[in-house]
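In: let's see this in three dimensions:
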Amino acid sequence: MMARRTADPAETRAAVLAVADWLLDGSRPEPARDELAAAVRLTARTLAAMAPGASVEVRVPPFVAVQCIAGPKHTRGTPPNVVETDPRTWLLLVTGLIGIDAPGLQLSGSRAPEIAQWLPLLTLDDRRA
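Out: The predicted structure is shown next:
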């Protein structure tokens, strides 16, 4: 199993830029699995680092699940506060291309919408090739 590590901001940005064309134009072919996985995992770990805690679980299957946001800690069973979505929707959310109320996001629990306080993590406005 790969060890979890803190996301480096430059590495995270590079990973997201590698899939940016697909994010901006959904008719393009999906990026390679390893590129997509890197972008999803690094952005989720960035959110977890920016909003440390364990009261909300963010799930982006099949790539990552992280806990974030300070508050009551969840330890067993189904968490009461969950954000779950597919990889493309997650990356659109963390880049500010969609909002927390967009279709494709499943939010459960009263605290799940709190992730919006830390979004977007980065934008594609000033993309550099």
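In: from the chain's centroid, how far away is whichever helix in the chain runs longest?
Out: Across the chain, the helix with the greatest residue count (assigned by DSSP state H) is helix 33-50. Distance, stretch centre to chain centre, for helix 33-50: 6 Å (Cα atoms, centre = their mean, to the nearest Å).
In: do the same with stretch 30-47
Out: Here stretch 30-47 is found 8 Å from its chain centre; the criterion is Cα atoms, centre = their mean.
In: please apply the same query to stretch 85-104.
Out: The answer for stretch 85-104 is 8 Å, by Cα atoms, centre = their mean.
In: who touches the longest helix of the chain?
Out: 4-9, 11-12, 15-16, 18-19, 30-31, 58, 60, 63-68, 87, 90-91, 94, 115, 118, 121-122 (Cβ atoms under 8 Å, 6 or more residues apart in numbering). (Each C-beta comes from the backbone N, C-alpha and C, glycine too.)
In: for that helix, give the mean pLDDT please.
Out: Per-residue pLDDT over helix 33-50 has a mean of 97.
In: quick one: the residue positioned nearest the centre of the chain from P29, how far?
Out: The chain has A44 as the residue nearest its centroid, 4.0 Å off, counting by Cα atoms, centre = their mean. From A44 across to P29, the span is 23 Å (Cβ to Cβ, to the nearest Å).
In: you'd agree T95 is up against V16?
Out: Yes - assessed by Cβ atoms under 8 Å, T95 is found in contact with V16 at 6.5 Å.
In: doesn't E57 make contact with P79?
Out: Yes - assessed by Cβ under 8 Å, P79 is found in contact with E57 at 4.4 Å.
In: which residues do these two both contact?
Out: Listed as contacting both P79 and E57 by Cβ under 8 Å, 6+ apart are Q67.
In: now do the helices in the protein.
Out: With helices called from DSSP H, the chain shows them at 9-18, 20-24, 33-50, 87-94.
In: which one of these lies nearest to R111?
Out: R111 lies closest to helix 33-50 among the helices of the chain, at 14.0 Å (Cβ to Cβ).
In: so where is this structure shaky, pLDDT-wise?
Out: Applying pLDDT under 70 to the chain flags residues 1-5, 74-75, 126-129.
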